[in-house]
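Novice: My questions concern the predicted model and sequence given below.
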Amino acid sequence: MAVHPPHRPGASRSRLGSARPDPAAGPFPRQNRPCYTFNPRLEREKDDRACEHCRYYLTPRCPHLDEFLEDLEEGSED
């Protein structure tokens, strides 16, 4: 079992760039982000590198938290 070091806040932004993606181009990738760290509380079969299975998903340590919260707010307006 590989041990992943904790990510540095904002580490993925430096690799992905600071510009936000164009919404018309499709959703921002929710998988294989450089900051991904598997949540060990889940079954190993769920380790698909999806943000929903990341140890920091929807926590203050997630460097993409603002994006996820914006998505949730946009969905509640309907």
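Specialist: Cool, the structure landed.
Novice: how about whichever strand or helix holds Glu74: buried residues?
Specialist: Using DSSP states H and E, Glu74 falls within helix 65-76. Residues of helix 65-76 classed as buried under the neighbour-count rule (16 or more other C-beta atoms under 10 Å) are Phe68. (C-beta placed from N, C-alpha, C; glycine too.)
Novice: neighbouring contacts of that helix?
Specialist: With C-beta atoms under 8 Å, 6 or more residues apart in numbering as the test, helix 65-76 has contacts from Phe28, Cys51, Tyr57, Leu58, Thr59, Cys62.
Novice: C-alpha coordinates for it, PDB please?
Specialist: The C-alpha trace of helix 65-76 is given here as PDB (Å, rounded to 0.1, in the frame of the first residue of the first chain):
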ATOM      1  CA  LEU A  65     -13.200  23.800  -1.900                       C
ATOM      2  CA  ASP A  66     -14.400  27.100  -3.300                       C
ATOM      3  CA  GLU A  67     -15.100  25.400  -6.700                       C
ATOM      4  CA  PHE A  68     -17.100  22.600  -5.000                       C
ATOM      5  CA  LEU A  69     -19.100  25.100  -2.900                       C
ATOM      6  CA  GLU A  70     -19.800  27.200  -6.000                       C
ATOM      7  CA  ASP A  71     -21.200  24.100  -7.700                       C
ATOM      8  CA  LEU A  72     -23.400  23.300  -4.700                       C
ATOM      9  CA  GLU A  73     -24.700  26.900  -4.600                       C
ATOM     10  CA  GLU A  74     -25.400  26.900  -8.400                       C
ATOM     11  CA  GLY A  75     -27.400  23.600  -8.000                       C
ATOM     12  CA  SER A  76     -29.500  25.000  -5.200                       C
END
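Novice: For it, the averaged confidence score.
Specialist: For helix 65-76, mean pLDDT rounds to 85.
Novice: And the helices in the chain?
Specialist: Secondary structure of the chain by DSSP state H: the helices cover 11-16, 65-76.
Novice: what pLDDT, on average, does the shortest one get?
Specialist: When you say that, I think you mean helix 11-16. pLDDT averaged over helix 11-16 gives 39.
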